[in-house]
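J.: Task: produce atomic coordinates for the following.
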Amino acid sequence: MDNKQKTFVATPSDIKRNWYVVDASGMVLGRLATEVASILRGKHKPTFTPNMDNGDYVIVVNAEKVVLTGNKQNQKVYQRYSGYAGGLKETKYLDMKKQHPERIIEKAVRGMLPKNKLGRATIKKLRVYKGSEHNHEAQNPQKLELK
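T.: Purely as a prediction, here's the structure:
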């Protein structure tokens, strides 16, 4: 009776963070975002604890080469609201892709994270870059192949 299994609960001292690089060229936006969000949360680790931020850092490169399926490329619209009357701003996907391709992936991943303090802390571990260069070589990131 003394050999009962205890549920593992991670503490801040148990957390080991790794750095991963993901190449977004040719990947579907939603599929990329779900995989990245899962890594940021730490769901790929056996020590996953839902109320702790024990995920890894993710660097996404080639953000401008991400693709959408179907006719979403022509129909997708990003909206933001200033809080003032008439303050709704809309940006089409193709315009966003030309000006700020990093924001497309950031918004997709942010939408798949919890909408609370944990989600706000988790999104800070995401780095998205236009082009194949990033400035995180000192962290020795590992290349990660997604499905």
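
J.: Which helix or strand contains the residue nearest in space to the middle of the chain?
T.: Compute the mean C-alpha point of the chain, and by C-alpha atoms, centre = their mean the closest residue is residue 109, 4.0 Å away. Taking DSSP states H and E as the definition, one finds residue 109 inside helix 101-110.

J.: these two touch, right, residue 79 and residue 93?
T.: No: using C-beta atoms under 8 Å, residue 79 makes no contact with residue 93, being 11.8 Å away. Any C-beta I mention is one placed from the backbone N, CA and C, and that applies to glycine too.

J.: Between those two, which is the more surrounded one?
T.: Between residue 79 and residue 93, counted using other C-beta atoms under 10 Å, the more crowded position is residue 93 (17 against 8).

J.: Please tell me I have it right and that one contacts residue 67.
T.: No: contact between residue 93 and residue 67 fails when scored by C-beta under 8 Å: they sit 11.1 Å apart.

J.: what about the closest residue to residue 125 other than its chain neighbours, how many residues close to it?
T.: Once flanking residues are discounted, residue 125 sits nearest to residue 57: 4.7 Å by C-beta to C-beta, 6 or more residues apart in numbering. Burial of residue 57, expressed as a neighbour count using other C-beta under 10 Å, amounts to 18.
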